[in-house]
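Enquirer: give me a model of this one.
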Amino acid sequence: MAGTGRRVVTGHDANGKSVILEDGPPPQNHPMQGEGVGADFIEIWNAPEPVPTLTAEQAEPNDRNFTIMPPSGHLIRIIEMYPESMGGQRTVMHRTRTLDYMVVIEGEVVLLLTDSETVLKQGDVAVQRGTDHAWENRTDKIVRLAFFHIDARFDEALLETLPKPLDLMA
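Expert: Residues are numbered from 1 along each chain as shown. Sure thing, here's the model as predicted:
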């Protein structure tokens, strides 16, 4: 567990000058951490609007109830997945109505799809487009991943081919 890391948030002063508003670990007001979870979800930033409004200052976005993906907008989080020896386990197979970019920061993780799997290593990027998937750390070390979740919509033609009922993780 490497901790929450550092988040630097910029903004503007009363004269419109660029300033640093925050510099330090982001608050983590949720239970998604520790051996019982098998991972640490480190919330970095989120915005409920598809196109965020840039203001001089910003209310703390992590002061919200935890969800895998807010009902709209976007978020960035770091996930540190534990190895099995530390309580880690394969995630459930799930689908979200989001476009996700996942970057392996450190270690390696297995991306499991309905009929295949692939190993992703440091520096690799997965572009997850609303497919059923799961993640698994099969190593003996913590894997550190950055997730960028963006609210999305399924194309009607694609929706017709997906299994019913369409179970989406929220």
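Enquirer: which residues of this structure score low on pLDDT?
Expert: 1-4, 170 (pLDDT under 70).
Enquirer: just the helices from it, written as ranges.
Expert: 156-161 (DSSP state H).
Enquirer: so what's the spatially most central residue of the chain bridging to?
Expert: Central residue of the chain (C-alpha atoms, centre = their mean): residue 147, 3.6 Å from the mean position. For residue 147, the beta-bridge assignment (DSSP bridges) gives partners residue 77, residue 102.
Enquirer: now do it against residue 103, distance only.
Expert: Residue 147 is 8 Å from residue 103, where distance means C-beta to C-beta, to the nearest Å. In this view, the C-beta of every residue, glycine as well, is placed from N, C-alpha and C.
Enquirer: picking that back up, help me confirm that the residue nearest to the centre of the chain comes into contact with residue 98.
Expert: No: with contacts counted by C-beta atoms under 8 Å, residue 147 stays clear of residue 98, the gap being 9.5 Å.
Enquirer: residues near the closest residue to residue 124 other than its chain neighbours, how many?
Expert: Nearest non-adjacent residue to residue 124, counting by C-beta to C-beta, 6 or more residues apart in numbering: residue 104, 5.0 Å away. Residues lying near residue 104 (other C-beta atoms under 10 Å) number 19.
Enquirer: ok, now which ones touch residue 104?
Expert: Contact analysis of residue 104 by C-beta atoms under 8 Å, 6 or more residues apart in numbering lists 120, 121, 122, 123, 124, 125, 143, 144, 145.
Enquirer: same check on residue 26?
Expert: Shown in contact with residue 26 (C-beta under 8 Å, 6+ apart): 4, 7, 42, 43, 44, 45, 62.
Enquirer: burial count for the nearest residue to it once chain neighbours are set aside?
Expert: Excluding the flanking residues, the one nearest residue 26 by C-beta to C-beta, 6+ apart is residue 7, at 4.3 Å. When neighbours are counted by other C-beta under 10 Å, residue 7 registers 18.
Enquirer: right, and residue 7 touches residue 22 too?
Expert: Yes: counting by C-beta under 8 Å, residue 7 does reach residue 22; the two are 6.6 Å apart.
Enquirer: quick one, strands of this protein?
Expert: Per DSSP state E, the chain carries strands over the ranges 7-12, 18-24, 39-47, 74-81, 98-106, 108-112, 117-121, 125-129, 134-136, 143-151.
Enquirer: nearest to residue 169, out of the ones you listed?
Expert: Residue 169 lies closest, by C-beta to C-beta, to one member of the strands of the chain: strand 98-106, at 9.5 Å.
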